[in-house]
Each structure stands twice: as structure tokens, then as C-alpha cells.
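Asks: With the sequence up front, the predicted model follows.
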Amino acid sequence: MMLLDLIVLLFGGGILAWISGRMDARFPRWVSLIVLLVGLLYLITHWVGADPDLADRALSGIPSGSGVWQFALVADWMPLFGVKFFLAADGLSLALLVLTFGLGIVAVFSAWSEITDRSGFFYFNLLWTLAGVAGIFSALDLLLFFFFWEVMLIPMYFLISLWGHEKREYAALKFFIFTQVSGLLMLLSIIALAFFHYQQTGVITFDYFSLRNTPLPEGVGIWVMLGFFVAFTVKLPSVPFHTWLPDAHTQAPTAGSVLLAGLLLKTGAYGLMRFILPLFPSQAAQFAPIAMLLGVISILYAAKLAFAQLDFKRLIAYTSISHMGFILLGIFSANALAMQGAVIQMLAHGISSSALFAIAGSLQHRLHTRQFSRMGGLAKTMPNTAAMGVFFSIAALGMPGFGNFVGEALVLFGSFQVNPLLTMLATVGMILSPIYALKIIQKVFHANAEAEPIGDALGEQARAEDFRFHERLSMGLMVVAILWLGVHPQPVIRLVEPSISALLVPAPVQVSGLAQQDEWSIGR
Amino acid sequence: MNFGFPHFMALLPVISLTVASVVVMLCTAFFRRHGLIAALTLLGLGITLACLHQQSGIAAIEVTPLMQFDRLSVFFSAWILVAAMVVTLLSWHYFRTREGLSEELYVLLLTATLGAVVMVSSIHFASFFLGLEILSVSLFALVAYPVTSLTRKDRSAASPIEAGIKYLILAGIASAMLAMGMAFLYAATGELSFSGIQTMLQTDAVHESRNLYAMGGIVMILAGVAFKLALVPFHMWTPDVYHGAPAPVTAFLATVSKFAMLVLILRAFLFARGDHPEAVIAVVTGVAAVSMLVGNLLALQQNNVKRMLAYSSISHSGYVLVAFLAGMVASTANAIKAEGIEVEAIAFYIVSYLLTSLTAFGVVSVLSSGRERVSYSRESGGNVDAETRDTDGLQDYESLFWKRPVMASVFAIALLSSAGIPLTIGFMGKFYIFAAGVTSALWWLLLVLIASSGIGLFYYLRLVLVMFRLPEGGHDGHGEEVMAPAQTTAAALVREIPVGARWLMVLLGGVILWLGVYPGPLMAEIRDILVAMRVAG
């Protein structure tokens, strides 16, 4: 029940925040903060207290040998199509759920003083996006997964299009259309997969574990997999499908950027990990070189583009694409080392990019610009901000001691066993990232302030105050988290290890194909 | 011919509708009171619904060779009556404050509903044609309401009269085509009942692909049907008529009229056995693909909400056709009657379409009703007659959410349902269509469907965004109680909305969401009905 409670808490909290906004514009942020804190505590206390074998396997139909699953909840939803309301979490899901709530708190803090207009509806959308993300990380019925996948789009769309910056409507629409169209391709693939499963077994189901054993017809399988692949790499994003991301990230309000970079991109990575490899092992192996190549292209191309940006948030957006390339590379290496690296990278990048977006957002809120040319010398007036900026830029470039380094190094170790050439190319990315990271540090905080000081341009430098208490608090949390991931990642690796090995081994075969059936007919 | 008590009972809804229209007409002649007439109409529809309810579990019964009353007809007639009741309420609200004699509208509404119910139960081309004509002839006059607008000075706004005449001429041609097609089929087979024609067509002598008469007849009937469903290339009338007709009538036109035709071809489809000629499949595939694309592409250009929804309804007809095609392909491949997921997909989709468009046009109608609260700005609007203009310009919806959160939310739900976003019934409909398409391996058509849905998103979202856009000057405000200053709404029509209309819309929006989240019972009901049909047929 715990997972359902969490999702209901977020949905309900969203409505509560909206209602409270009618009374006072300051209530919604408190409501959201409390909801997220309660959720986080609830998650952690239940998790710590739970017996890993709590899941009633007979009831939930989770076959043994498919990882350690907890908190399973199964109910019929659309019995005619065998669609179930099926939630459960393993180590990977739990790690990402903690990230969801943690970054939710960061997002609330970064919107704290920025959003004053219609704050009720803002926090409503924020919490509903989080609810969709939490659902994605815990749904084990493919159709339910698709539901949550789509549910988070609308509130995110509103966050960008209503509270974003100058080109918000264009960016929001682009984001929505990219994700929705690729989502429909995934829906087509989901239905095709269920249909082929039905043809072979006579059972209509969208259950994740049952569909793992579906042998697909020659030639069709790769297309079915591509439907999923496109949906996930649009969200990730990887190079041919990345163009929505710089626009969306740049135009979104700070909290929206935090959610996008920290969580929405991770849903793509999670999908690749959870669905592509286990559902289509042979097709994925066949496709792996291309996917890895796309990952490497993303790493290098986006890093180069990042360096060329003049806009702070746009630069971070491109670095996100670059770092997500490592995840794609790691997942399609399909070995435990690289997968662990990809998970660490997901968590670390979630934290570091959220922090950078929060910094960029707070600067924009104070200086009303994102252009590097109008910043510079801020280290003097805003020492705390500058320190955090340097800290997270270095974290993002993959300095040892930070989580990002662990993630990228593990990915490269793992992928070297599979494809040395591409790995060597990807390593170049670790040289390119210091270049843009140093650009941030230099241009924003240290450049010659006399050249075109922001104070002269806007007359606001004197008033550009440093981080406030709540901002320091959220930054502090992220500093601790990312250092912990960098110095002592073992607990996280141990947590996700069973999940990863379950994803990599072929599914335990339960039932062989029954009588061949011709039609998906009625009246069964 | 035997005609006993059970037949009479089965015919009761049709009789009740007929009586209701006569009573309403007589009443109009003596007491010209708008409220009374509307209430009587509602009562008539309600009694009919009760008659339907009482026979909800019946076995199929043929009343004369023309009509068959079974669970299918009861189920879909009930939806038609519900839609008609909603339209009656909308009309009452809409015409209450407008000039002119609007009581006759309800007579026409009742006869149109009667035509739709007849169509839904017909198993014979004669009753098909009869029902269609009762429906169409009533609609000619309905579209042209209110007659007072003959005197309007403004030529730019679409006139109901113009729309009515356009519809009259084009629908007349379509009916003529249909009649001619029936004649050809009759010449080829000597039969006019669906099952008879089907049996004859299966015999080698008059196999449809070898018989010019039969082929010509089928093509002409397809053309006539395509006109009613506004499929490309027979879609030209749709935007003009939808735009010109008064908003509640548009709601009726988009829902009941189209719905009845869809149910009718669904029923004819259930009789269709065996293989469909390749040429027909190819033509229908082309029409489906082009309808989806053209409807959505043309909708992109529209700045008028009614026109936009009209184009969107064209694309929705294309979507339904995908399910029909899936059934045709499946039954051709397996030489069996079309049944299974495809037919369920059609049935579910048309219900979802009915609900969604009824809600969307309902909101437009409610917003167009009543007296305006903020006077119409002379400078910006010019000489448009604010009293009669519908609230259908894109600018009327600017920041609607912050002025009328309820109406805007319901409208947004309806639009998202049209776009097929989860949590709405529209998504479940699309899911069904995907399932049907996958079963028959219509991969290319499904890709066209995905592409056109992507295009469709653009204009649905644009309208949603317009409604949710933060009002100008509100950016430095401090909360929700800051309402838009009056001058920003000067160009838009803002009218008072009574509580009842608001609740009606909330109810419709709630049903869309409820069936989107928990569609199980509706799915089971539709499957039950179709299984019963199969057993009977």
C-alpha cells in the first residue's frame, strides 16, 4: 500500500495546495513542503522497517528470481484487457523515489520566492508532476506505466507555459508534442507486445513479468523495441531527439527546470533500464552498437554545443544531454558494472544539474538575465552563491570525490569490456566537460566585472543579495548527497545490485506457448 | 405479418417520441411559453428513456422487416436520448435571452431525435433512409435557427440561414446519392434488408466485385455515408455549417447526427460477412488516412473555436474508420463475420466521441448563452452584434480559466479527451483503436494516426493554453484573488452563467474523467451487447 499512499499523497497534496492558495498566496508552498517532507519520511521509515520479502509473490504474480520486490499492490483495473493496477518497488525504484521526493523539496525551495503569481495552481502542477514521476518509478503494468508517463505531461506543460520565460509557449508546446508523439509510438509498441503475447499464450495481459517471456516474430521485434526506444530517448534525451530540451529547460521556471533535469530525464533512463533490456534482450543486443554510438555522439556533440552557449541555463541544458549520453552508453553495454554506473550517474546528475539550475534560476531572479555577458564578478557580491556554483560545476565535470565521477567512471569501465573504441571516444567527453564547467565558473563568478558590470547595466548589483536561508538549506542537502555518492557509493550500489542483475539475466521461463490463437476475439 | 404486444412494447420508445413531438407542437400552438415547452420536451425525452430502460434486457425482436430492437439499439438509443436531453437544456439556456420565436425548435429537436432512434434500430435500407431523412430535414431548419438573424447588418459573422441552406443543398445531394446507391443495390440483388443483401452478395452470381450495379451501389452509399460523417473529400460543408449554426444545434449536429450514422454502419457492419473487395478496402484506407490528416491540418489554421472543433470532428471520423478497416481486414483474412476487438473499438470510440464533443460544444453553447456581463467594446469589436454572436472566437477564451475556472476546466478536459490524453475517455477510445489496428496489422495507418494526433495536439493545446494564460498585468500580482482588470476582457464576451448550466457541464466533464479512469464497466457492457448480438445474429 505504501506506494499507492505516496502517489495519493502527492495528488491530494496538489489539490490541497491549490485550495489553500485561494486563502493566502503563501500557503501553497508550505503545503507542498510539508507534503513532500511527510512523503519522504513515510518512504524512508517504511523502507527501513520493511522486510524485503514482504511482497506476497503468489498474490502479485512476481516470479522468484526477478529481483527483490517490496510493497507490491495488485488490483484489477480493466479486467477485459487484463490491465492491472500493479505497483511494486525494487532497489532501483526506491532509490529513484527518494530522489523524486528530495528533488521535489529542492524544487519547492527554488520556487519559494520566485513564484508569487497564482501560486496555488503552480504548486498543484508541481505536485502532480511529481505524482506522475513517482507512478512511473513504481508501475509494473505497462499500461499503467504509460498512464503515469502521460499524466505528468500536462502539469509540466502548464509549469513551463504559464510561469516560464519569454519564449515559454513555444518551448512548452515543443516539449509536449515531442513527448506525446513518441509516447504514442510506445503505446503502439505496448499493445503490439501484448498482442503477440496473446497470440502465443491466449492470455491478454500488460503485466511486466508475464510479458518478459514473449518471443517476438522475426523482423517485428526490433520495431516493437524501437517504439519504446524512441519514447525513452526522447525523454532522456539522446541526440537525434534532443532539440526540445534546451528550449524547455531554458524557458521553464526554476522549479520546472529542476524537475525536468532532475527527474523527467531520469524517467527516460529508467524506462530504458527497466523495459528495453528485459523485454527485448535479443533485439537490444542487436541494436546496442547503434544505441551506444548515439550515446557517444550525444556526449561529444552536446558538450561542444554547451561550450558555445551564451545563456547560462541553455549551457546547463546541453551539459545534461551530454551526461545523459553516458547513461545511454552504460545501459546498452548491458553489464553490471556499466549499469551500476548508469544508476549512480542518474542520481548524481539529478542532483548536480538540479543544483546548477537552481543557481542559474536564483541568479536570473535577482539579475533578470541569463546571459554570461551581463554577469561576471559575482563572487564578490554573492560569495555563497559563487561557492555553490563552483562546487556543482566541478561536480558536474566529473571530478573524483563527487558522485558524477563514480557514475561516469563505472560506465566507462563497463562499456570498455563491450566496445573499446566507443568508450575511448566517450572518454574525450570527460575532457570537454571541464572546459564548459570552467567557462561557467569564469564567466559568471570571476570574469572582469569592470568590462560590463551588471551593476551598471541594471543598477541592481548592490541589491543582488546572496542566498537566503531556504536556498542555503537546499544547497546544503544537495552538497551532502553528492559528496556521499562520490565518497561512499557502496550502499547505493548494494541497493540496486539485485535489481540490475535481475534486469540483465533472461527472465525465468514459466509457461511455454500454448495453442496458437488467431484472433484477439471477444467473449473469452 | 404478426404484430403483437411484445412488438408494441419494443416500439414504445419510437411511439413515445412521436407522441412527444406532436404534444409539444400542439402546446406551442396554444401556449407560447419557452420554459414550458422546454420542460415538456425534457419530459418527453425522459419518458422515452424510461421506456428504453424498461426493455434494457430484452432479447432481439424484429418489428416488421424494417426495424430490430435489441440490446444494441437500446444501448445506443439511450446515449442519443441523453445527448438530446443535454441539447434541450443547452437550447433552453441559449435561446432564453435571444429574440425571436424559439419554441418550434423543440419540435424539430424531438423529430430529429426520432430520426436518430429509427436509424439506430433499422436493419433495412428503407428504414435507414426514412430515419436519415427525418433527421436531416429537421436539421435543415434547426441549423437555420434563429430566423431573426435575417435582419442582421453584419455580414462577416456566419449566418445561420446561410449555413442552413448550405446544409440543405449538400445533404440533399448526399441523400440522393444514397437513394441511388440503394436502387443500384436493389437492382443487383433484389433485396433491401441488410441481411438479405449480404446473403445475395455472397453468392457468386452477384459477387460485389464482379457486378457493376452492386459495386456502383456500394460506392454511392459509401459516398452518402461519408458525407454524413464528414469524411474527406465530403467534408467541405462541416466547418461552415458547424460555425453558422447556433451553438446548441452544432452540439446536436456533431453528436447525435453523426452518432446515429455511425451506429447504423456499425450495425450494417455486423451483418457484413466474409471478404470485402480489395478496392473497397483501398478506398476506405485512403479516406481514413486523408481524413485524419486533412482534418487536423486544416484545424491548425482556425481562429474560431467552432470551426476548429468542426475540423477536429473530421479527423475523429477518420480515427473511427481505422477501427472499421481493422474489422474489414480481419474478416477478409479469416472469412468470418467482423467481430471481436474491432467492433468493440468502434462502439467504445463512438461513445467516447459523443461524450467528448457534446461536452466541448456544450461549453461553447453555455458560454454563448445568457446576457453579457461586460459590455462589448465598440472600438475593438466594431459592429458585431454582441447579443447574437456566439462566444466562439479564440480571443473570447483568453484567460478564461482565471475568470471562469469551472467552464474552462471542463472545456480543457473535453479538449484533452479529443486529443486522447490519459485520464479521459478519449484516451481509452484511442487505446481501443490502436488495439484493433494492431490486431489487423494496419501499421502504416496507425503511424498516420500517430502523426495526425501529433498535429492535433498543437491546436488543442493552443486553445488550452489560451484559456489558462495568466491575465495581462497579473504577473506581479500576489495571488489568486487578483482578478483580471475589466479592460483586458473588453474584446471578449463574458456572460452570466447560471448554476444549473455549470453543474450540467461539470457532470459531463466528470463522466469523461470517470470513464477515462475506470472504463471497466462500460467496456464490459459493450462486450456483453456485442456477444449477445453475435449469438442472436
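Replies: Arrived safely, thanks for sending.
Asks: quick one, longest strand in chain A?
Replies: Using DSSP state E, we find that the single longest strand of chain A is strand A:70-78.
Asks: can you state the direction angle for the helix or strand following it and strand A:70-78?
Replies: Per DSSP states H and E, the first helix or strand lying C-terminal to strand A:70-78 is strand A:83-89. Per axes from the mean of the first three to the mean of the last three C-alpha atoms, to 10 degrees, the angle that strand A:83-89 makes with strand A:70-78 is 170 degrees.
Asks: what sits up against strand A:83-89?
Replies: Applying C-beta atoms under 8 Å, 6 or more residues apart in numbering or on different chains, the external contacts of strand A:83-89 come out as A:3-4, A:7, A:55, A:60, A:62, A:69-77, A:97, A:135, A:137-141, A:143-144, A:205-208. All C-beta atoms are positioned from the backbone trio N, CA, C, and that covers glycine.
Asks: could you point out which element follows the least confident helix or strand in chain B by mean pLDDT?
Replies: Scoring the helices and strands of chain B by mean pLDDT, DSSP states H and E places helix B:378-381 at the bottom, with a mean of 43. Later in the chain than helix B:378-381, the nearest helix or strand by DSSP H and E is helix B:400-403.
Asks: can you give me the mean pLDDT across the helix or strand just after that following helix?
Replies: With elements assigned by DSSP H and E, the helix or strand that comes after helix B:400-403 is helix B:405-419. Mean pLDDT, helix B:405-419: 93.
Asks: Buried residues, helix B:405-419. List them.
Replies: Neighbour-count burial for helix B:405-419, counted by 16 or more other C-beta atoms under 10 Å in any protein chain shown, picks out B:407-419.
Asks: out of those residues, which touch chain A?
Replies: With the criterion set as C-beta under 8 Å from any C-beta of the partner chain, the members of the buried residues of helix B:405-419 near chain A are B:Leu416.
Asks: Let me know whether A:Gln177 touches B:Phe458 as I believe.
Replies: For the record, residue A:177 is Ile, not Gln. Yes. The criterion here is C-beta atoms under 8 Å, and A:Ile177 meets it with B:Phe458 at 6.6 Å.
Asks: what about the chain, any weak spots by pLDDT?
Replies: No chain specified, so I'll use chain A. For chain A, the stretches flagged by pLDDT under 70 are A:49-61, A:63-66, A:448-464, A:506-524.
Asks: oops, I was thinking of chain B
Replies: B:1, B:99, B:146-158, B:204-210, B:273-275, B:334-339, B:370-389, B:472-495, B:535-537.
Asks: can you map out the strands along it?
Replies: Using DSSP E, strands in chain B cover B:61-63, B:67-69.
Asks: between the ones you listed, which one is nearest to B:Thr88?
Replies: Closest to B:Thr88 of the strands of chain B is strand B:67-69 (C-beta to C-beta; 23.8 Å).
Asks: so what does that closest one touch, helix or strand wise?
Replies: helix B:5-30, strand B:61-63, helix B:104-121 (3 or more C-beta pairs under 8 Å, 6 or more residues apart in numbering or on different chains; DSSP states H and E).
Asks: So in that sheet, which strands flank the shortest one, and in what orientation?
Replies: Partner strands and pairing direction for strand B:61-63 (DSSP bridges) are strand B:67-69 (antiparallel).
Asks: Other residues contacting the strand it pairs with?
Replies: Under C-beta under 8 Å, 6+ apart, the answer for strand B:67-69 is B:10-11, B:55, B:58, B:60-63, B:118, B:121-124, B:127.
Asks: tell me the most buried of the helices and strands packed on strand B:67-69?
Replies: Highest mean neighbour count among the helices and strands packed on strand B:67-69 (mean count of other C-beta atoms under 10 Å in any protein chain shown): helix B:104-121, with a mean of 26.
Asks: and the angle for it with helix B:5-30?
Replies: For helix B:104-121 against helix B:5-30, the angle by the same axes, to 10 degrees is 160 degrees.
Asks: From the contact counts, what lies against helix B:104-121?
Replies: Going by 3+ C-beta pairs under 8 Å, 6+ apart, helix B:104-121 lies up against helix B:5-30, helix B:34-54, strand B:67-69, helix B:71-96, helix B:125-143, helix B:258-271.
Asks: Where do the helices of the stretch 101-250 of chain B begin and end?
Replies: B:104-121, B:125-143, B:160-189, B:194-202, B:212-229, B:237-244, B:247-252 (DSSP state H, counting those that start in this stretch).
Asks: Kindly format the C-alpha coordinates of the second one as PDB.
Replies: Extracted as PDB, the C-alpha positions of helix B:125-143 are listed here (Å, rounded to 0.1, in the frame of the first residue of the first chain):
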ATOM      1  CA  PHE B 125     -32.500   0.300 -46.300                       C
ATOM      2  CA  ALA B 126     -36.000   1.700 -46.300                       C
ATOM      3  CA  SER B 127     -36.000   2.400 -42.600                       C
ATOM      4  CA  PHE B 128     -32.400   3.700 -42.800                       C
ATOM      5  CA  PHE B 129     -33.400   6.200 -45.500                       C
ATOM      6  CA  LEU B 130     -36.600   7.100 -43.600                       C
ATOM      7  CA  GLY B 131     -34.700   7.700 -40.400                       C
ATOM      8  CA  LEU B 132     -32.000   9.600 -42.100                       C
ATOM      9  CA  GLU B 133     -34.500  11.900 -43.800                       C
ATOM     10  CA  ILE B 134     -36.400  12.600 -40.600                       C
ATOM     11  CA  LEU B 135     -33.200  13.500 -39.000                       C
ATOM     12  CA  SER B 136     -31.800  15.600 -41.900                       C
ATOM     13  CA  VAL B 137     -35.000  17.500 -42.700                       C
ATOM     14  CA  SER B 138     -35.300  18.500 -39.000                       C
ATOM     15  CA  LEU B 139     -31.700  19.600 -39.100                       C
ATOM     16  CA  PHE B 140     -32.100  21.900 -42.100                       C
ATOM     17  CA  ALA B 141     -34.500  24.000 -40.100                       C
ATOM     18  CA  LEU B 142     -32.500  23.600 -36.800                       C
ATOM     19  CA  VAL B 143     -29.300  24.800 -38.400                       C
END
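Asks: So which elements touch that helix?
Replies: For helix B:125-143, the packing partners by 3+ C-beta pairs under 8 Å, 6+ apart are helix B:104-121, helix B:160-189, helix B:247-252, helix B:258-271.
Asks: buried stuff in that helix?
Replies: B:125, B:127-143.
Asks: Equivalent analysis for the fifth one, please.
Replies: Of the residues in helix B:212-229, those with enough neighbours to count as buried (16+ other C-beta under 10 Å) are B:213-229.
Asks: Check the offset of that helix from the chain's centre.
Replies: 21 Å (C-alpha atoms, centre = their mean, to the nearest Å).
Asks: and the closest residue to B:Leu465 other than its chain neighbours, what element?
Replies: Nearest residue to B:Leu465, sequence neighbours excluded (C-beta to C-beta, 6 or more residues apart in numbering or on different chains): A:Ser161, at 5.5 Å. Using DSSP H and E, A:Ser161 sits in helix A:153-163.
Asks: Please list the residues outside that helix that contact it.
Replies: By C-beta under 8 Å, 6+ apart, the residues outside helix A:153-163 that reach it are A:115, A:117-118, A:121-122, A:124-126, A:128-129, A:132, A:168-169, A:171-173, A:175-176, A:179-180, A:183, A:248, A:251-253, A:255-256, A:259-260, A:264, B:416, B:421, B:461, B:465, B:468-470.
Asks: Appreciated, that's everything.
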